[in-house]
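Enquirer: here are the coordinates; sequence isn't available:
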């Protein structure tokens, strides 16, 4: 009887492993919709225009823009960017579609993962990112969601969900390594001098004047 029980456990373990492998290599549901080249160009132009206006409004000698200071109780300027605008800039950085791959951390040597495609979307106060990379020679989609914030002039990220392919990975398993890597790259997370806070709010990326 024990032999049969061990056999059943082995079969169940094998089936679970096969399912996990299938889920890892299978592409999950996309976190954002695709954009054609015309939409990418339009949204990227809108991004650049908003950032230029924010820069002008927060410049010490600038006159400021009324569209960035509508709250009389808190007249600090802010800029709000949609996920389409952010995604368009990311797409352009990769040469729209089919462009050169990116290495997110270019100064850590050849072991840095290569990002072949990426998608970003905002939902309420959560940012969703999806990245196509290679694991053991296989193209795999990594999906991570979480909250963006600010602390002592640096951007922070607290994950709420992590997936490899369609396989959910407990955040508690990923977050320590993620926070360690972010700490190693702290200089890259420094916010511009004119930005005092960054967050996702009402499905938009919001940057506020320092």
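Expert: Yep, that arrived. Being a predicted model, the structure only gives us computed values, none of them experimental.
Enquirer: mean confidence for whichever strand or helix holds residue 145?
Expert: With the criterion set as DSSP states H and E, the secondary-structure element containing residue 145 is strand 138-151. Rounded to a whole number, the mean pLDDT of strand 138-151 is 88.
Enquirer: distance between that strand and the chain's centre?
Expert: Computed by CA atoms, centre = their mean, to the nearest Å, the chain-centroid distance of strand 138-151 equals 5 Å.
Enquirer: can you pull the buried residues of that strand?
Expert: Neighbour-count burial for strand 138-151 flags 140, 141, 142, 143, 144, 145, 146, 148, 150 (criterion: 16 or more other CB atoms under 10 Å). Every C-beta, even on glycine, is put in place using the N, C-alpha and C of the backbone.
Enquirer: next one: stretch 169-176
Expert: With burial defined by 16+ other CB under 10 Å, the residues of stretch 169-176 counted as buried are 169, 171, 175.
Enquirer: who's in contact with the closest residue to residue 170 other than its chain neighbours?
Expert: Residue nearest to residue 170 in three dimensions, not counting chain neighbours: residue 162, with 7.7 Å by CB to CB, 6 or more residues apart in numbering. Counting by CB atoms under 8 Å, 6 or more residues apart in numbering, residue 162 makes contact with 142, 143, 144, 145, 168, 169, 170, 171, 174.
Enquirer: try it again at 7 Å.
Expert: Shown in contact with residue 162 (CB atoms under 7 Å, 6 or more residues apart in numbering): 144, 169, 171, 174.
Enquirer: then residue 145?
Expert: Applying CB under 7 Å, 6+ apart to residue 145 gives the contacts 126, 127, 128, 159, 160, 161.
Enquirer: narrow these to those in strands?
Expert: Secondary structure defined by DSSP state E assigns 126, 127, 128, 159, 160, 161 of those to strands.
Enquirer: quick one: which of those is nearest to residue 37?
Expert: Among these, residue 128 lies closest to residue 37 (CB to CB), at 23.3 Å.
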